[in-house]
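**Student:** Just to be clear, the model below is a prediction. Sequence and coordinates:
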Amino acid sequence: MKDYFSFRKLIAPGLIRSYYIVGALALTIAGFWLIFDVESKPTLPLTHTFWYLLGILVGNVAWRVLCESWILFFNIHDSIVSIQDSQVAFAAYLQSAQRKQQQRRPQPPPPDWEQPGR
């Protein structure tokens, strides 16, 4: 839940997929409605049917490309967040390794004048 409020996890890609399905269905239904709408054009030439079918196909492909480009922007965001998370983890690892290395260093012997018994 914390990721949602900090915008590290986004909900828009799921919504865009839903919009794609609704839009593709709407384009297809509208295209077939234009083909079979006999009240406005009782006799539809075969060439018009071809152009309407081509319009359905091109419209759906263009809608798909548009939705994919939106999702691509969100995937770029996810990649950037992943890179940032790995950098933070690597920095934490380096700090812990430096602390361990400092703890392992042997203490230098005291100077000659501080040694007892001399």
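**Tutor:** Now that the structure is in, tell me what you want to look at. Numbering: from 1, shown residues only.
**Student:** check contacts around the most centrally placed residue in the chain.
**Tutor:** Nearest residue to the geometric centre of the chain (CA atoms, centre = their mean): Asn75, 1.9 Å. Counting by CB atoms under 8 Å, 6 or more residues apart in numbering, Asn75 touches Pro13. In this view, the C-beta of every residue, glycine as well, is placed from N, C-alpha and C.
**Student:** May I ask which helix or strand encompasses it?
**Tutor:** Assigned by DSSP states H and E, Asn75 falls within helix 46-104.
**Student:** next one: that helix to chain centre, how far?
**Tutor:** Here helix 46-104 shows a centroid-to-chain-centroid distance of 3 Å under the convention CA atoms, centre = their mean, to the nearest Å.
**Student:** Helix or strand next in line after the lowest-mean-pLDDT helix or strand in the chain, which one?
**Tutor:** Ranking every helix and strand in the chain by mean pLDDT, DSSP states H and E puts helix 2-5 at the bottom, with a mean of 75. Next helix or strand after helix 2-5 toward the C-terminus (DSSP H and E): helix 12-36.
**Student:** helices and strands around that following helix, which ones?
**Tutor:** Other helices and strands packing on helix 12-36, by 3 or more CB pairs under 8 Å, 6 or more residues apart in numbering; DSSP states H and E, are helix 46-104.
**Student:** For the helix it packs on, give the mean pLDDT please.
**Tutor:** When pLDDT is averaged over helix 46-104, the result is 89.
**Student:** Same question for stretch 18-27.
**Tutor:** The model assigns stretch 18-27 a mean pLDDT of 96.
**Student:** Contacts for it next, please.
**Tutor:** Contacts of stretch 18-27 (CB under 8 Å, 6+ apart): 56, 59-60, 63-64, 67.
**Student:** in that stretch, what's buried?
**Tutor:** 20, 23-24, 27 (16 or more other CB atoms under 10 Å).
**Student:** ok, so of the contacts of stretch 18-27, who is nearest Trp33?
**Tutor:** Ile56 (10.5 Å; CB to CB).
**Student:** Can you get me a residue count around the residue lying closest to the closest one once chain neighbours are set aside?
**Tutor:** The spatial neighbour of Ile56 that comes closest, neighbours along the chain excluded (CB to CB, 6 or more residues apart in numbering), is Gly31 at 3.5 Å. As a burial measure, Gly31 scores 18 neighbours (other CB atoms under 10 Å).
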